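J.: this one's sequence-less:
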């Protein structure tokens, strides 16, 4: 499958930002957006009910790997589905670092999503010291190993991968298009060793200081199928421009 047969995908990650007024603005401004890309907004859970999803879908920023039970503060995938979520971010570097989430736990969360018909957006990526040491592929490869160990080829085919170099998240630094393509090509090649059809159909997003002025160049790379957008996803005009750049 060539790139033009993989539908472009742009997801906004609002993180712990936003309010009902911002949701209302997005409902209005994205209502008639003309974009060929699949568009998802992952907002704080308490705001999800207020979205009017016409031209875009909604997703969660996290999900439990468990169905239910005595797990204060957690949200199950079934609860998220009832709230209208078709997607969930799992394994974002901020959760890996702040909440100590292991790659094995991330894989369990992704598997739980797939089992309930929710598409996990699985984040992988390296910190600056790993890149400077030239160990990007081994570091990211270990994150991917956990997925392959826990999930079947069929399950993996129902996921989206987001490569986010940690050193480029919220820093204003962006991987060059060549750097992004290099790691995306490695990720697709990794999955090609698992299953060629899986690798060709898998959508791999780039995340890390994507803005309207660099989105088109990043998305033009042959293994970059869209983006996971942080800060720019909080500005409707910027987010729309990025979505259109993915066409």
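T.: Now that the structure is in, tell me what you want to look at. Because the structure is a prediction, the values reported are computed rather than measured.

J.: switch to C-alpha atoms for all contacts and neighbour counts from now on
T.: Fine.

J.: list the buried residues of stretch 39-54.
T.: Within stretch 39-54, the residues that qualify as buried are 39-45, 48, 51-52, counting by 16 or more other C-alpha atoms under 10 Å.

J.: can you pull out the residues in contact with it?
T.: Residues outside stretch 39-54 that contact it (C-alpha atoms under 8 Å, 6 or more residues apart in numbering) are 9-20, 23-24, 27, 31, 55-61, 83-84, 87-89, 243.

J.: please repeat the previous calculation with a cut-off of 6 Å.
T.: Applying C-alpha atoms under 6 Å, 6 or more residues apart in numbering, the contact partners of stretch 39-54 are 10-14, 27, 56-61.

J.: just checking, which of these belong to helices?
T.: Those of these mapping onto helices are residue 27, per DSSP state H.

J.: would you list the buried residues of stretch 39-54 in a markdown table and tack on distance to residue 218 and secondary structure?
T.: What follows is the buried residues of stretch 39-54, written out as a markdown table (distance: C-alpha to C-alpha, whole Å; DSSP: H, G, I helix; E, B strand; the rest coil):
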| residue | distance to residue 218 | secondary structure |
| --- | --- | --- |
| 39 | 17 | strand |
| 40 | 19 | strand |
| 41 | 20 | strand |
| 42 | 21 | strand |
| 43 | 24 | coil |
| 44 | 27 | coil |
| 45 | 29 | helix |
| 48 | 29 | helix |
| 51 | 29 | coil |
| 52 | 29 | coil |
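
J.: so which of these is the closest to residue 128?
T.: For those, the closest approach to residue 128 (C-alpha to C-alpha) belongs to residue 42, at 25.8 Å.

J.: need the buried residues of stretch 39-54 in TSV with distance to residue 138 and pLDDT, can you?
T.: TSV is the format used below for these (distance: C-alpha to C-alpha, whole Å; pLDDT from 0 to 100):
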residue	distance to residue 138	pLDDT
39	31	96
40	30	97
41	31	98
42	29	98
43	32	98
44	33	98
45	34	96
48	37	96
51	40	96
52	42	93
